[in-house]
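Undergrad: this one's sequence-less:
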């Protein structure tokens, strides 16, 4: 059995503290998310040591390995899953509770990362609203451990070295990671194939140190004989980790090449061993070792506490409450470790404990699945107004008896119509998608057929403009924005074009308010063939809009430009008429955002767009805010009806209200 190293528990403490600080106080530790990557390397290192020790003693059995994993993970995890379901019953609305049930069931079978990946997208709710979101990392880890022990055992039986096999898998995973992080950032984040290179880094390190690898032996001797080099290496490893947590941030392409910072730093500290001063004096100090021992239940508890507080409080908790919740998570983690994890993980009757833990986890997963299938047990809340408001948050395009298409690939922009040959086309990003049904119904009543082209998430309706966020997600916006416009120009049947988009976000590059401050990276626009960042977003938007309007007018199209609806800067759920449990008993009255705030947010965009429109008097201009704002407020809800589904997209009732109020201007 490999000897116990207290410095590794100290390293675990550094990892979990970084993650907690990032979740509770992101501005303090902008790169604290790399704590998960530190955990990946440590996990790969320790698990491989255990497997190799068993193989060398010819006492390794895969069944026993998985039984040990059950006793390691299930006690704390089952307690947290059941506690979340129990609290959610009293605290959550039916759609929130149904989603929690789905995530509970996924976590019970260690596939939450796959579920969160399937949910990821422009309309996906913020991670803060998902109490089990942090378990994505546990899914990646356990999916990897379905593969790695088998690889090691088969490698020995077939005479294939673990180092060679592991190195090949690591290089393949790293290559996929570097490719995917630019083209499919969400997949790169959530899928095990693009993250297992981090675990494999620890695995290969353990293999090298235990197999007498010449390079590892030579390095170990050099560190032993050159004390200064030994200490410098450990200090460099710690410096890498500290630099990462303070200097990296979520706007970077992650987990791309930047993930090498925590991986390399952790590997160096593992190699230098407990003899180096950093490991011996800092990482092995008793407070850090204790935090390392409770790091797993601490990781499990801290996020649900923060998330539930945000859900029932109607927004991000203020810092004293966040600090109190973090303190509570330490207490709950300590009790879980002492009263649940240790007694069930060690001692006598291990086989019986393992079977009992499996049964408990099956029960937790079954309860979660039942909660999901029963739509969150909506009968818990007998409130008709809330039922109507929940319906407001569901947005589906109406089915059409006529022609429509739903293709969203590079060559098939999303398009719909209430008839086979549209004469009016709505074009834009997801904000156009939201107002299209209400416009379609109105135009249909006067004998027009209406199509919707483009409406791609995060893609402005501009010719030859590339839109992407700083995470590297390009969203194929060049094609999804330009091709529909050219299709409209070439179609003589289309007489009128209505353009709308979330222009202020593209112009400023940022979302609005606290609700989006941690959700989106910076949005960057550039022209086709132009270097990214060569000009400001406002300049690129202005040129793209001018070019688009001129091309449509030259083709003889009637053009209407819609100034977008106000962004709220807060979650519309804050305005629910009722919550089963709430930190803020009073519904905001009015449920609105200050018009002054809206105008300040839109100032740069409006001045630029107004200048362009004044030069093109043939373009009809309608301001959607006129339907929602009075001189003081821009309303998010009225008379119990929610006008929005989140902080910036109209609901069905909201879109119908806006179009009804402004119809005489169309």
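TA: Thanks, I have it. Just so we're clear, the structure is a prediction, and the values are computed from it rather than from any experiment.
Undergrad: how much distance is there from the helix or strand containing residue 306 to the middle of the chain?
TA: When secondary structure is defined by DSSP states H and E, residue 306 falls within helix 295-313. Computed by Cα atoms, centre = their mean, to the nearest Å, the chain-centroid distance of helix 295-313 equals 16 Å.
Undergrad: Quick check: next helix or strand after that helix?
TA: Following helix 295-313 in sequence, per DSSP H and E, is helix 319-336.
Undergrad: by contact count, what packs against that following helix?
TA: helix 6-24, helix 62-91, helix 295-313 (3 or more Cβ pairs under 8 Å, 6 or more residues apart in numbering; DSSP states H and E). C-beta here means a position set from N, CA and C on the backbone, and glycine is covered the same way.
Undergrad: quick one, which of those is nearest to residue 280?
TA: Closest approach to residue 280 among the helices and strands packed on helix 319-336 is made by helix 6-24 (6.9 Å; Cβ to Cβ).
Undergrad: Show me the helices in the stretch 501-650 of the chain, by range?
TA: Using DSSP state H, counting those that start in this stretch, the helices of the stretch 501-650 of the chain run over 503-508, 514-517, 537-554, 595-614, 625-628.
Undergrad: For the helix holding residue 306, give the mean pLDDT please.
TA: For helix 295-313, mean pLDDT rounds to 94.
Undergrad: repeat for stretch 274-292
TA: 92.
Undergrad: can you give me how far that stretch is from the chain middle?
TA: Worked out by Cα atoms, centre = their mean, stretch 274-292 lies 33 Å from the chain centre.
Undergrad: Kindly report the same for stretch 359-369.
TA: With Cα atoms, centre = their mean as the basis, the mean position of stretch 359-369 lies at 25 Å from the chain mean.
Undergrad: returning to what we had before: quick one: closest of the helices and strands packed on helix 319-336 to residue 616.
TA: Among the helices and strands packed on helix 319-336, if distance is taken as Cβ to Cβ, the winner is helix 295-313, at 44.6 Å.
Undergrad: Nearest to residue 591, out of the helices and strands packed on helix 319-336?
TA: helix 295-313 (15.8 Å).
Undergrad: possible to save the helices of the stretch 501-650 of the chain as TSV with mean neighbour count?
TA: As requested, these are exported to TSV (neighbours: other Cβ atoms under 10 Å):
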stretch	mean neighbour count
helix 503-508	24
helix 514-517	18
helix 537-554	20
helix 595-614	16
helix 625-628	19
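Undergrad: what secondary structure does residue 238 sit in?
TA: Here residue 238 is recorded as helix under DSSP: H, G, I helix; E, B strand; the rest coil.
Undergrad: contacting residues for it?
TA: 265, 269, 278, 282 (Cβ atoms under 8 Å, 6 or more residues apart in numbering).
Undergrad: and what of residue 319?
TA: residue 25 are the contacts of residue 319 under Cβ under 8 Å, 6+ apart.
Undergrad: Would you mind measuring from it to residue 325?
TA: Residue 319 sits 11 Å away from residue 325 when distances are taken as Cβ to Cβ, to the nearest Å.
Undergrad: again with residue 641
TA: Relative to residue 325, residue 641 is positioned 34 Å away (Cβ to Cβ).
Undergrad: higher neighbour count, the two?
TA: residue 325 (21 against 16; other Cβ atoms under 10 Å).
Undergrad: Pretty sure that one sits against residue 318.
TA: No. If you go by Cβ atoms under 8 Å, residue 325 and residue 318 don't touch, sitting 11.0 Å apart.
Undergrad: returning to that earlier point: want to try TSV for the helices and strands packed on helix 319-336, with mean neighbour count and distance to residue 548 as columns?
TA: Shown next, in TSV, are the helices and strands packed on helix 319-336 (neighbours: other Cβ atoms under 10 Å; distance: least, Cβ to Cβ, whole Å):
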stretch	mean neighbour count	distance to residue 548
helix 6-24	24	40
helix 62-91	19	47
helix 295-313	23	39
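Undergrad: Quick check: pLDDT value at residue 458.
TA: pLDDT for residue 458: 77.
Undergrad: what number of residues lie near it?
TA: Residues near residue 458, counting by other Cβ under 10 Å: 22.
Undergrad: Please apply the same query to the one 10 residues further on.
TA: For residue 468, the number of neighbouring residues by other Cβ under 10 Å comes to 22.
Undergrad: Also residue 4?
TA: As a measure of burial, residue 4 has 8 neighbours, counting by other Cβ under 10 Å.
Undergrad: re earlier: who wins for proximity to residue 350 among the helices and strands packed on helix 319-336?
TA: Across the helices and strands packed on helix 319-336, closest to residue 350 is helix 62-91 (Cβ to Cβ), at 6.8 Å.
Undergrad: what's the angle between that closest one and helix 319-336?
TA: Helix 62-91 and helix 319-336 meet at an angle of 140 degrees, taking axes from the mean of the first three to the mean of the last three Cα atoms, to 10 degrees as the criterion.
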